Structures are given as structure tokens and as C-alpha cells.
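J.: return atomic coordinates for the entry below.
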Amino acid sequence: MDNIDSSKGLNDFLPIQDWFNEMHAKNTSQKVRAVLKSKGESGISLANNIPYGYKKDETDKTKWIIDEPSAEVVKEIYNLFIQGHGTCEIARILKERNIMTPAEYFISIGRKFPTRLQEFKHQWNATTVASILDRQEYIGDTVNFKYTIRSYKDKTKVPIPKEEWQIFKNTHEPIIDEYTWNIAQELRNNRKKPTRSGKKSIFSGLLFCYDCGKKLYFQSPVTDLNAKDHYRCSSYKKNISLCTSHWITDEILQSLVLENIQKVVSYMKNYEDLFVKEQLAKSSKDETKQISKNKRELEQAKNRVIEIDNLFMHIYEDNISGKITNERFRNLSFNYDKEQQELKVKIEQLSKEINNTEKKTTDLTQFISNVKKYTEITELTPEILNELIEKILIHQAEKIDGKKVQEIDIYYRGVGIISFPVSLKDMTMVIEKMLNKRISA
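T.: Residues are numbered from 1 along each chain as shown. You can find the predicted model right below:
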């Protein structure tokens, strides 16, 4: 456009023209970044491509609505994963069912997709499945600033650390409930490769050492045919001086856990109201006081942040008018800025503590709903374990009166360890005590 032809020689103004062009590109890039930053901070999604399972609302292009055909596939992927299938296995199942890949589906409905179609149809792969399992957008949240580019000269995408993402809750209708999504994330973080024998443990990601807190490894002997599948503390496996073995066979563990879950299901079936009251009673008076205290501190911190913003304006005006010196202004600015940053960290921590405490009631309701799905459990499956159990702590076996005794602590999702009477007689006594307390009160 500048009619520059190197064969005719270059004029002296070319470097200046290049510099102006460079500054124009840089300024344009900065303006675009500023617009995107403002848009992202307001809660509007910055995603160029809407996730598989959603489509744009025709009346408001900034909003996402559920696309039913693809949303059903997303739900099925989560169901298969919680049932114990790995990402590669899920990809194979989807291919066998002749389900279109996201690229194939988008093209079939006239939507653009950034990647090319593969040579063979329905070629799902583990990476695609994993990306669906990892997307927080499926629980109704908008997640911005996950990636950036290096500069206006280099368009290479660079991932931003997760703690710097900006997440806006409940901005669109969820496809997956948060309870299920959290289970999937835990399984993703604790995924294990199969043993040399090809076997996989149904307890994968659930077993931890009671003493050192490390995971227990599943081992399925290949050479010794008489040896049983078992679990060992990972610390002990690396260095026997770090911990004890906490050795337990898969057969015994399954028996103990199955028996405990059967008791919980029976207990919930007959005494649901009592169970709910016991769980709610776990929120002690001290915990209630702590919540109230946290809420007061949160409100005070938010008010102080606003107050500091106003103080900044006042000292700036005083500095301009000459009421305070530049040095005094710098000192005050530094102290106010430091206090405000500390308050923002405190606000985030208090908000998390309050949300975690208030979330207990929701988790309890979800747990009861999950237990009710199983009227009778005769065999353990990965789906049952992942839906009901958060973790299992394995104690070191010890001998008492010449007999080997080994304890396990089962923590159920949202409710922790469940203790309940072992007989109907004990249950009747508990109910009578509760009624006597009411009468005396």
C-alpha cells in the first residue's frame, strides 16, 4: 500500500514508516486486549467456540442454551466415567455406538468448527473425552482468562495458571450437576494406570493410609498365582522406614465396604428422618458462631475496601492542591494499596469458608438422593463407590488377643463417617432418648 519496491531502492523514510506501522499495530492490540478484559471481567464468556452441548440463544447471542442432542452425549460421557470407564474406553464405546464426534455434529447442523474432520467417521479419542470431563462450563459457570497470547506479533496460545482464572457462577443452565462434576474431577486427579496383569481396582483414588495420609497402591501379582490382589501404602512401598505397609486384600476390603454400605442403605430406608437430624446436629454451636463471625468480618472487609477507594481519591486531590507533599502521598498510597490487597485475599478466604459450610446441607440432600437410588446392593461397582464414598482410610493391622484386627474409616460424600446403631433394639433406645429430651425440654 505504501508503493515500496526494493528493486528500485529504499527511501530514507522507510524506517520511520515501519516504526509508525509497528506502533499502530501495538496500540490496536492494546485496545483489543482492554476491550476483551472489560468484557471478560463483566462475566460475558470470551470463548470463540461454544462448548459441545450448548448453542447460542437466538434472542441474545451472548447467552448459551442447552443443545439437547449433544448434551445427552455429554451426560453419557460423565455417567460412563463415574461407572469406572477410562477416557480411552469411553472413546471406544462412543465409536462403537456410532455417535458423531463434536466436529461431525457441528458441521451436520451448520456450525463452524476450528478443526478438520478426520478421515474415518466417529473417531472419538481420549483427548476429546478428557476435555469434556474437565470443562467447568458444564455446571453452568463461565470461566474466562484461561489462555492468552504472547504478543500481537506471536499468536501462540499460552495457558494461564488456574488460580488466575475468573469464574462466574450460574451464568447459564447446567448440563451436569456440581456434585457429579466434583466426583469426576476427583477421579481425574486420582486416575491410575492398570497393573501389569491388566486389572484395575474399583477403589481407585479412594484409598488412603490412616497414618501418613498417602495413597494406597493396588497390586495384582502376575508371577505368584497364589497371591491375592491387595493394597499397600505408597510411602511404605518407596521406603519401608517412612511408614508401615497397611496391607489389606481386595477381597476383604470389598467385603467390609459392601457390608457397611448395606447397613447405610438399610438405615436410610427405615430411619431417614433420624439420620437427617443427626447430620444437622453435627453443626455445633461453635461452628454456627464461626459462620456468623466470618460473615461479619466479610462485610467489614468489603466496606473497608470501598472506604480505601474513597481515601485514595481524597489524598490524590489533597496532593494536587498541595495540602500534602508528594512523599507523603506516596507513603499513604503504598500503605492503602497494601491494606487493600490483603483485604481482597481475606475476602476470598472468608467467602470460601462460608460457601463450604453452607454447602453441607446441599451435599446432605444429594447424598440421601443417591442412597435412595439403591434399594438393595449385593455387589460393589465403581459407580456405587464413586457416588457414595469420598475416601477410605486404612489402618495398620494389629493383633489383639491373638487375632488380627484391622480398622477402616469410610467417609461418605457430604456427611463423613456414618455411625448408627447395630440393632433395632439400639435404634429404639435412641428414638426413646430423643423423645424424652423433647418432653423434658
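
J.: ok, and N49, which helix or strand is that part of?
T.: Of the helices and strands defined by DSSP states H and E, none includes N49.

J.: try R33
T.: Assigned by DSSP H and E, R33 falls within helix 14-41.

J.: quick check: which ranges of the stretch 251-400 of the chain have low pLDDT?
T.: Along the stretch 251-400 of the chain, segments meeting pLDDT under 70 span 282-288, 355-362.

J.: distance between stretch 216-234 and the chain's centre?
T.: 31 Å (CA atoms, centre = their mean, to the nearest Å).

J.: buried sites along that stretch?
T.: Across stretch 216-234, burial judged by 16 or more other CB atoms under 10 Å covers 216-220, 229-234. Glycine gets a C-beta too; all of them are placed from N, C-alpha and C.

J.: show me which of these is closest to N144.
T.: Nearest to N144 out of the buried residues of stretch 216-234 is S234 (CB to CB; 37.2 Å).

J.: ok, then the element right after the helix holding R33?
T.: Per DSSP H and E, the first helix or strand lying C-terminal to helix 14-41 is strand 54-56.

J.: quick check: buried residues in that next one?
T.: Within strand 54-56, the residues that count as buried by 16+ other CB under 10 Å are 54-55.

J.: just stretch 57-65 next, same as before
T.: Neighbour counts over stretch 57-65 (16+ other CB under 10 Å) mark 64-65 as buried.

J.: gap between the two ends of it?
T.: Stretch 57-65 has an end-to-end distance of 6 Å (CA to CA, to the nearest Å).

J.: how many neighbours does W247 have?
T.: 16 (other CB atoms under 10 Å).

J.: can you name the residues bridging to the nearest residue to it once chain neighbours are set aside?
T.: Excluding its sequence neighbours, the residue lying closest to W247 (CB to CB, 6 or more residues apart in numbering) is R232, at 5.6 Å. Here R232 sits in beta bridges with Y217, going by DSSP bridges.

J.: pretty sure R232 sits against S220.
T.: No - using CB atoms under 8 Å, R232 is not in contact with S220, being 11.9 Å away.

J.: quick one: which of the buried residues of stretch 216-234 is nearest Y52?
T.: Scanning the buried residues of stretch 216-234 for proximity to Y52, where the rule is CB to CB, the winner is F218, at 33.1 Å.

J.: so who does the nearest residue in space to that closest one that is not next to it in sequence touch?
T.: Using CB to CB, 6+ apart and skipping the chain neighbours, the partner closest in space to F218 is S201 (3.8 Å). Shown in contact with S201 (CB atoms under 8 Å, 6 or more residues apart in numbering): 192, 218, 229, 231, 250.

J.: related to what we said a few turns ago, state the mean pLDDT of the helix holding R33.
T.: Mean pLDDT, computed over helix 14-41, is 80.

J.: now it, how far from the chain's geometric center?
T.: Remark: helix 14-41 is offset 36 Å from the chain centroid, using CA atoms, centre = their mean.

J.: right, and G40 touches F145 too?
T.: Yes - using CB under 8 Å, G40 makes contact with F145 at a distance of 5.8 Å.

J.: which residues do these two both contact?
T.: In contact with both G40 and F145: 46, 166, using CB under 8 Å, 6+ apart.

J.: burial of the nearest residue to Q406 once chain neighbours are set aside, as a residue count?
T.: Spatial nearest neighbour of Q406, excluding adjacent residues (CB to CB, 6+ apart): A397 at 3.9 Å. Applying other CB under 10 Å, we find 14 residues neighbouring A397.

J.: any idea how far V405 is from A397?
T.: Look at A397 and V405: by CB to CB, to the nearest Å, they are 7 Å apart.

J.: can you tell me the SS state at the closest residue in space to S29 that isn't next to it in sequence?
T.: Nearest non-adjacent residue to S29, counting by CB to CB, 6+ apart: Y152, 3.5 Å away. At Y152 the chain is in coil, as set by DSSP: H, G, I helix; E, B strand; the rest coil.

J.: kindly report the same for Y78.
T.: Y78 is classified as helix under three-state DSSP.

J.: can you report how many residues lie near S6?
T.: S6 is flanked by 7 other residues according to other CB under 10 Å.

J.: tell me the spacing between it and Y210.
T.: Relative to Y210, S6 is positioned 76 Å away (CB to CB).

J.: same question for V74.
T.: 37 Å.

J.: the more surrounded of the two?
T.: For V74 versus Y210, the count of surrounding residues by other CB under 10 Å is larger for V74: 22 against 16.

J.: just the pLDDT for the residue lying closest to the more buried one once chain neighbours are set aside.
T.: Leaving aside its sequence neighbours, V74 sits nearest to G53 (CB to CB, 6+ apart; 4.3 Å). In this model, G53 is scored at 92, pLDDT.

J.: enumerate every residue touching G53.
T.: Residues in contact with G53 (CB under 8 Å, 6+ apart) are 66-67, 70-71, 73-74, 132, 138, 175.

J.: buried residues in the strand or helix carrying Y179?
T.: Using DSSP H and E, Y179 sits within helix 178-189. Within helix 178-189, the residues scored as buried using 16+ other CB under 10 Å are 178-181, 183-184, 186-187.
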